[in-house]
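Enquirer: sequence first, predicted coordinates after that:
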Amino acid sequence: MTPDLIASDVDGTLLDDDEEITARTRAAVLAAVDAGAQFVLATGRPPRWVQPVVDALGFAPMAVCANGAVIYDPSVDRIISARTLSADVLGELAEIATRVIPGAGLAVERVGTSAHDAATPQFVSSPGYEHAWLNPDNTEVSVEDLLS
């Protein structure tokens with residue numbers, strides 16, 4: 001019996017430790033889709049990090065991104081919906097974080113109408129933010145701009 005829907009995490013599930021989709025995994029996903037199952041990506045990644053996964057799969061399934069905050073359609077590079085934090089809530093969270101962790105750097109992932117919306121930098125950080133990844137792609141902005 002084929003499931004109606006398969007939602008797969010990306011990092012460490014669909015992708016292996018080398019950030020690749022094995023031939024066996026790709027074949028299993030494609031067989032399920034060919035049998036009628038809808039396949040959806042479910043990831044903590046922002047939409048702008050979905051394209052390599054789509055390329056590796058060979059098709060563009062819908063993606064639930066940013067730990068559920070953003071629904072993204074990579075087939076047309078369009079944000080379907082986004083649940084973002086208001087500037088007031090973001091300010092409150094920033095105040096708590098910097099009070100509890102003095103000197104903490106802050107960063108915000110912004111979402112526009114597509115994964116590659118060039119209208120505004122999508123990943124912005126405060127001065128002093130230390131990026132966790134080897135290839136930082138953040139744009140440093142003032143704390144006021146970050147919280148806006």
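Expert: Nice, thanks for sending it over. Numbering: from 1, shown residues only.
Enquirer: drop to CA atoms for contacts and neighbour counts, all remaining ones
Expert: Fine.
Enquirer: just the helices from this protein, written as ranges.
Expert: 23-34, 51-57, 87-100, 143-147 (DSSP state H).
Enquirer: run through the chain and note the low-pLDDT ranges.
Expert: The model of the chain has pLDDT under 70 over residues 134-135.
Enquirer: most centrally placed residue in it?
Expert: Centroid-nearest residue in the chain: P46, 1.7 Å away (criterion: CA atoms, centre = their mean).
Enquirer: for A97, which non-adjacent residue is closest in space?
Expert: Among residues not flanking A97 along the chain, A104 sits closest, at 7.1 Å (CA to CA, 6 or more residues apart in numbering).
Enquirer: how close does that neighbour get to G44?
Expert: As judged by CA to CA, to the nearest Å, A104 and G44 stand 22 Å apart.
Enquirer: try L57
Expert: From L57 to G44 the distance is 18 Å (CA to CA).
Enquirer: so which of those two has more stuff around it?
Expert: In this view L57 and G44 are compared by other CA atoms under 10 Å, and L57 has more residues nearby, 20 against 17.
Enquirer: quick one: residues contacting that one.
Expert: By CA atoms under 8 Å, 6 or more residues apart in numbering, the residues touching L57 are 21, 26.
Enquirer: ranges for the strands of this protein?
Expert: With DSSP state E, the ranges of strands along the chain come out as 5-9, 38-42, 63-65, 70-73, 78-82, 107-109, 123-125, 139-140.
Enquirer: highest mean neighbour count out of those?
Expert: Highest mean neighbour count among the strands of the chain (mean count of other CA atoms under 10 Å): strand 63-65, with a mean of 26.
Enquirer: wait, which of the helices of the chain is closest to S8?
Expert: Distance to S8, taken as CA to CA, is lowest for helix 23-34 among the helices of the chain, at 9.8 Å.
Enquirer: report the angle between the closest one and strand 38-42.
Expert: 130 degrees (axes from the mean of the first three to the mean of the last three CA atoms, to 10 degrees).
Enquirer: send the alpha carbons of helix 23-34 over as PDB?
Expert: The C-alpha coordinates for helix 23-34 follow below in PDB (Å, rounded to 0.1, in the frame of the first residue of the first chain):
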ATOM      1  CA  ALA A  23      21.100   6.500  -5.400                       C
ATOM      2  CA  ARG A  24      19.100   4.100  -3.300                       C
ATOM      3  CA  THR A  25      17.300   6.900  -1.500                       C
ATOM      4  CA  ARG A  26      16.600   8.800  -4.700                       C
ATOM      5  CA  ALA A  27      15.200   5.600  -6.300                       C
ATOM      6  CA  ALA A  28      12.900   5.000  -3.300                       C
ATOM      7  CA  VAL A  29      11.600   8.500  -3.300                       C
ATOM      8  CA  LEU A  30      11.000   8.400  -7.100                       C
ATOM      9  CA  ALA A  31       9.300   5.000  -6.900                       C
ATOM     10  CA  ALA A  32       6.900   6.300  -4.200                       C
ATOM     11  CA  VAL A  33       6.100   9.400  -6.200                       C
ATOM     12  CA  ASP A  34       5.600   7.400  -9.400                       C
END
